[in-house]
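Peer 1: Here is my input; please provide its structure:
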Amino acid sequence: MKCPHCLTEFHDNKTQIFGNTDRIGHWVIWRRDCPACERMVLSLEDFNTGGGRRGGEKFFLPKATLRPAPNEAVPKIFAGDYVEACNVIADSAKASAALSRRCLQNILREVEKVKHSDLANEIQQVLDKGKLPTHLAESIDAIRHIGNFAAHPIKSTASGEIIDVEPGEAEWNLDVLESLFDFYFVQPDFLKKKRDALDAKLVSAGKKPMK
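Peer 2: Residues are numbered from 1 along each chain as shown. Sure, this is the predicted structure:
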């Protein structure tokens, strides 16, 4: 598994540290120890009275997102919603999807300067510009299809609403945001730093910096 503290892969070596039964079923707390960061990972799992798994494992130390924090180049106005969407996805995919849709809409408005409208229309405005690489254009367009905006127009007209989500929708939204962060902020920041370093070398050598 991947450690939710340091994101290092390690062999899943969970051990049971608690188990008890109530009228609903049997409850187990599992412990794992990451050999890389030497931190403890705890999860809760419930089983029905017949021994079958019911809700799956829920990590509570830490609240597992298994996603790295946004690069420092990502503005806080966007990074904040993204981090919160990651933190709540284990408890509520609906809340996570609402936060990620709001984050996407803010990016389109602040970076692409789209005309304020509903989210579906704002996505179309960006696609019509033709500036995004094909894979990114297809990714943000898929948000409308995976979220089934046609059947659930409230997702488009009120992007921050807490409403039902399709299977995998919340995870997909986060994947798309990560890709947009890289395209809009991380790669430009990386190239700027590389260029600034090169300019510094040129100036120290008595040459003109790049134009």
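
Peer 1: now this structure, which segments are flagged as low pLDDT?
Peer 2: 49-56, 64-66, 150-153, 155-162, 211 (pLDDT under 70).

Peer 1: can I see the domain layout of it?
Peer 2: What automatic domain parsing lists as the domains of the chain is 15-61, 76-187.

Peer 1: Could you single out the most deeply buried of the ones you listed?
Peer 2: Highest mean neighbour count among the domains of the chain (mean count of other Cβ atoms under 10 Å): domain 76-187, with a mean of 17. From N, CA and C alone the C-beta is placed, and that goes for glycine too.

Peer 1: if we can go back for a sec, tabulate the domains of the chain (CSV), appending distance to Leu198.
Peer 2: Shown next, in CSV, are those (distance: least, Cβ to Cβ, whole Å):
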stretch, distance to Leu198
domain 15-61, 35
domain 76-187, 16
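
Peer 1: Quick check: nearest residue in space to the most centrally placed residue in the chain, chain neighbours excluded?
Peer 2: Residue closest to the mean C-alpha point of the chain, counted by Cα atoms, centre = their mean, is Leu174 at 3.2 Å. Nearest residue to Leu174, sequence neighbours excluded (Cβ to Cβ, 6 or more residues apart in numbering): Ser100, at 5.7 Å.

Peer 1: what are the bridge partners for Ile29, then?
Peer 2: Phe18, Leu44 (DSSP bridges).
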